[in-house]
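Engineer: generate coordinates for the sequence data below:
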Amino acid sequence: MLVSVRLFAGLRERAGSARVEVELPENATVADLLAAMELAPRSCVAAINREYADGRARIAPGDEVALVPPVSGGDGTVRRVRVTGEPLAVADLSASVRDPRAGAVVLFEGVTREVDALDYEAYVEMAEPKLTAIAQEEAARHGLCAVAIEHRTGTVALGEPSVLVAASAPHRGEAFAGARAVIDRVKAEAPIWKVEVDGKDRRRVEGDLPPT
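Structural biologist: Next up is the predicted model:
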């Protein structure tokens, strides 16, 4: 079967294309795909139909398949999740998590530092559901009243925010712990990548593979 595979960040750059076609046998696994593309088993993680998949996962005809290199809620708890090329509005996100039950609101703002700009790329169709799941899970774990996350794509200049996390809770301890847990997981799990831009120099920032 012929499988269309989406590529991101360093994989896209090396292939010179955002998508490649790979011929695989019926009932092929993710491990088979990586072998066919001559990629080491831990050099990237596969996503099938926008869910991370391990090497044993089978690929069916018509599946949406993507290779993710290392990355740098319905009850009303998740107030906003957005991956966007537009500038982020700090005050709006903070206001979105205010709640009558909350005595504390914590806002984390990640900004570009030390270089002229950061250039972000995201697998948006997968990133937004992943951010929503992170917000839901950490809200339940830390007893948060509300959570909101926004992340930029495209070029983010020195001093401008690239990611915002807002969390509210009855008390400051839960709010601080919940916001910290959310941003730590966003950095580790969301399929979002960045390149440092300093004058004419561009350096891709590599990280760790997300968990499967």
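Engineer: surely residue 155 is within a strand?
Structural biologist: Yes - assessed with DSSP: H, G, I helix; E, B strand; the rest coil, residue 155 lies in a strand.
Engineer: which residues touch it?
Structural biologist: By Cβ atoms under 8 Å, 6 or more residues apart in numbering, residue 155 lies in contact with 117, 118, 119, 120, 197. The C-beta positions use only the backbone N, C-alpha and C, and glycine is treated the same way.
Engineer: repeat for residue 119
Structural biologist: With Cβ under 8 Å, 6+ apart, residue 119 has these contacts: 154, 155, 156, 194, 195, 197, 202.
Engineer: and for the closest residue to it other than its chain neighbours, the neighbour number?
Structural biologist: Leaving aside its sequence neighbours, residue 119 sits nearest to residue 195 (Cβ to Cβ, 6 or more residues apart in numbering; 4.4 Å). Residues near residue 195, counting by other Cβ atoms under 10 Å, number 19.
Engineer: angles on the backbone of residue 195, please.
Structural biologist: Dihedral angles of residue 195 (phi, psi; degrees, to the nearest 10) stand at phi -120, psi 130.
Engineer: who is it paired with across the strands?
Structural biologist: On the basis of DSSP bridges, residue 195 is bridged to residue 119, residue 204.
Engineer: circling back to that earlier point, which one of the contacts of residue 155 is nearest to residue 85?
Structural biologist: Checking the contacts of residue 155 against residue 85 with Cβ to Cβ, the nearest one is residue 120 at 8.9 Å.
Engineer: so the closest one makes contact with residue 192?
Structural biologist: Yes - look at residue 120 against residue 192 with Cβ atoms under 8 Å: they come within range, at 6.2 Å.
Engineer: so the two - more neighbours on which side?
Structural biologist: Between residue 120 and residue 192, counting by other Cβ under 10 Å, residue 192 is the more crowded of the two (27 against 22).
Engineer: from residue 63, how far out is that one?
Structural biologist: 22 Å (Cβ to Cβ, to the nearest Å).
Engineer: flag every buried residue along stretch 19-29.
Structural biologist: For stretch 19-29, burial by neighbour count (16 or more other Cβ atoms under 10 Å) applies to 20, 22, 24, 28, 29.
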